[in-house]
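> Next comes the sequence, and after it the predicted model I'd like to discuss.
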Amino acid sequence: MKIKLILSCLLLSSSWIFSQGKIAFVSDRSGNDEIYIMNADGSDQINISNNYHDNWFPEFSPDGSQIVFVAQHHRIGEIQMMNTDGSGNYHLTEEDGGDYSPRFSPDGLKIVFEANRDENSEVYFMDVDGENQINVTNNPAIDQTPQFTPDGNQIIFVSDRDENSEIYIMNMDGENQVNLTNNSANDQMPDVSPDGEHIVFVSTRDGNEEIYIMDANGANQVNLTLNDGSDLDPHFSPDGSNIIFISNREGYYGIYMLETNGSNLNSLSTNSGGDFSPRFSPDGTQIVYQAYTDGNYEVYLMNADGTDKTNLTNDSGSDKEPQFQPFTELIFIEIEYSENWNLVSVPLSVQNTASDSLFPGSVEGTLFSFDGSYIPETDLELGEGYWLRFDSAGTVVITGTVIHVLAIEVNEGWNLIGSISHTVDANNFLAENELIIPGTIFEFNGSYESADFILPGKSYWVRTNDSGIIVLNE
């Protein structure tokens, strides 16, 4: 099979198309909290976690192809990950105590989280496949709500080791843990500016919760809000010029925005039931949030100036914790297939995963996956490999969202795996995944051959020495 990547500049006027993407949120409309995804206009609301556990805190990977979240098992939280279509749902953590607040590193290869495994909350990080889980704070205090700095080299977190909540920063390995706020009040809810130069946070040092800003090294701490209400949950705009937050200064929680120097304060929402959890769209032109209205929470969307408020969910359940999918890159990949049997995969995140849509020249009823034995299928999932038959040679063009990194669940023994949107060197793939037995990565081109590369649109046989997770990374 021959694979050729065609940048969209050959068909359109630019080399990449950037899509606004979707919105993930939590809803209890099915009886328990599930992760849903929908288009930015509220259409096509789909339950993608679809299990009998409660599921919370959805967080998109930087390339928008996967979601990490917390699922409640046996009354404690465990971190799971899935593709944005709900496929490939698997556990990353299964430890006593509970794991919460997962956040991706900027390159999508690490996840930082808080864990209650040592009779107190600690900051851990792990590889995106769940391997190498390391306690990086290792302190008897409560350390929680970690996040990476934009360059991925440091971790910001909140700790009560000084008998009050303070904002700390440390290196990835846990070295050089520094108290940035260093104040007798409670400081929490940090958010780092996109350029990594500033941190906005909440402090009680003036007697009530106020929005403060400081340099990334803790210098120049300034109160931005200066009022008698409770100001919470601050977040920078994508360009770093504005901050949104919630405040009850009018008697109920509403959404406000101001510039990073504290000027131009604007009230954006006026719902007497309360508005919460505001988040900017990737381009900064819209804000998604949850509003308490008609006896339950709904997910709303408005312009960044507060106009055109729209109820996106409009459901009798409680809909909350909305998150925008990051900007996603759309490309075209042209796949040339041979007559008869081919090993294929879907190398992009696509809307329609049916085999007759992706490969219209294929023979009906000939799509097979492998899980110890061959299984007839009608749709293709990210990360999975398939046999598919064609009556004659031909070419197909698939359009979709770029996949930079993909974690794939495998069984011990032989597995048929898929591909990502970029070519992966087979030797690097082997070196980065200890589960794979050397010399057991094979492709099929009329006969089996040892593979030198993992190419977009193809699938490959790999043999593993145990069950677990392997990662394809560009």
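Yep, it's here.
> What ranges does the stretch 101-250 of the chain have for its helices?
Counting by DSSP state H, counting those that start in this stretch, the stretch 101-250 of the chain has no helices to list.
> the strands in it, which residues?
Here the stretch 101-250 of the chain has its strands, by DSSP state E, counting those that start in this stretch, at 110-115, 122-127, 134-135, 143-148, 154-159, 166-171, 178-179, 187-192, 198-203, 210-215, 222-223, 231-236, 242-247.
> Can you name every helix or strand that the third one contacts?
With contacts defined as 3 or more Cβ pairs under 8 Å, 6 or more residues apart in numbering; DSSP states H and E, strand 134-135 has these neighbours: strand 122-127. To be clear about C-beta, it is placed using only N, CA and C from the backbone, and glycine gets the same treatment.
> Find the residue ranges of the stretch 251-400 of the chain scoring beneath the pLDDT cut-off.
The model of the stretch 251-400 of the chain has no residue with pLDDT under 70.
> Tell me where it has helices.
Counting by DSSP H, counting those that start in this stretch, the helices of the stretch 251-400 of the chain are 355-358.
> ranges for the strands of it?
In the stretch 251-400 of the chain, the strands defined using DSSP E, counting those that start in this stretch lie at 254-259, 266-267, 275-280, 286-293, 296-303, 310-311, 319-324, 328-337, 340-344, 348-349, 368-370, 374-376, 386-390, 394-402.
> Dump those strands into JSON lines; add distance to residue 452 as well.
Converted to JSON lines, the strands of the stretch 251-400 of the chain look like this (distance: least, Cβ to Cβ, whole Å):
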{"stretch": "strand 254-259", "distance to residue 452": "52"}
{"stretch": "strand 266-267", "distance to residue 452": "57"}
{"stretch": "strand 275-280", "distance to residue 452": "43"}
{"stretch": "strand 286-293", "distance to residue 452": "44"}
{"stretch": "strand 296-303", "distance to residue 452": "47"}
{"stretch": "strand 310-311", "distance to residue 452": "51"}
{"stretch": "strand 319-324", "distance to residue 452": "39"}
{"stretch": "strand 328-337", "distance to residue 452": "18"}
{"stretch": "strand 340-344", "distance to residue 452": "15"}
{"stretch": "strand 348-349", "distance to residue 452": "22"}
{"stretch": "strand 368-370", "distance to residue 452": "22"}
{"stretch": "strand 374-376", "distance to residue 452": "26"}
{"stretch": "strand 386-390", "distance to residue 452": "21"}
{"stretch": "strand 394-402", "distance to residue 452": "23"}
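> could I get the ones you listed as CSV with distance to residue 52 and mean neighbour count?
Putting the strands of the stretch 251-400 of the chain into CSV (distance: least, Cβ to Cβ, whole Å; neighbours: other Cβ atoms under 10 Å) gives the following:
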stretch, distance to residue 52, mean neighbour count
strand 254-259, 34, 21
strand 266-267, 41, 14
strand 275-280, 25, 21
strand 286-293, 24, 22
strand 296-303, 21, 22
strand 310-311, 28, 14
strand 319-324, 19, 23
strand 328-337, 31, 20
strand 340-344, 34, 20
strand 348-349, 27, 23
strand 368-370, 25, 18
strand 374-376, 24, 11
strand 386-390, 29, 20
strand 394-402, 30, 17
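> And those strands: which comes nearest residue 51?
strand 319-324 (17.0 Å; Cβ to Cβ).
> Give me the distance from the closest one to the chain's centre.
Chain-centre distance of strand 319-324: 13 Å, with Cα atoms, centre = their mean, to the nearest Å.
> elements contacting that strand?
Against strand 319-324 (3+ Cβ pairs under 8 Å, 6+ apart) you get strand 22-27, strand 55-60, strand 275-280, strand 286-293, strand 296-303.
> mind listing what the closest residue to residue 270 other than its chain neighbours touches?
Nearest non-adjacent residue to residue 270, counting by Cβ to Cβ, 6 or more residues apart in numbering: residue 254, 6.4 Å away. Residue 254 makes contacts with 246, 247, 248, 267, 268, 269, 270, 271, 274, 275, as judged by Cβ atoms under 8 Å, 6 or more residues apart in numbering.
> Now, of those residues, which are buried?
Neighbour counting by 16 or more other Cβ atoms under 10 Å classes 246, 247, 268, 269, 271, 274, 275 among those as buried.
> Verify the stated contact: the third one with residue 258.
Going back to what we said before, that points to residue 268. No. Counting by Cβ atoms under 8 Å, residue 268 stays clear of residue 258, with 10.7 Å between them.
> Any buried residues in stretch 232-249, and which?
For stretch 232-249, by 16+ other Cβ under 10 Å, it's 232-238, 240, 242-247, 249.
> re the thing from before, generate a markdown table for the strands of the stretch 101-250 of the chain, with mean pLDDT and distance to residue 326 as supplementary columns.
Compiled in a markdown table, those are given as follows (pLDDT from 0 to 100; distance: least, Cβ to Cβ, whole Å):
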| stretch | mean pLDDT | distance to residue 326 |
| --- | --- | --- |
| strand 110-115 | 96 | 16 |
| strand 122-127 | 95 | 20 |
| strand 134-135 | 96 | 26 |
| strand 143-148 | 97 | 14 |
| strand 154-159 | 98 | 19 |
| strand 166-171 | 98 | 24 |
| strand 178-179 | 97 | 29 |
| strand 187-192 | 98 | 16 |
| strand 198-203 | 98 | 20 |
| strand 210-215 | 98 | 24 |
| strand 222-223 | 97 | 30 |
| strand 231-236 | 98 | 14 |
| strand 242-247 | 98 | 17 |
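> closest to residue 309 out of the ones you listed?
Closest to residue 309 of the strands of the stretch 101-250 of the chain is strand 242-247 (Cβ to Cβ; 14.5 Å).
> Many thanks, we can stop here.
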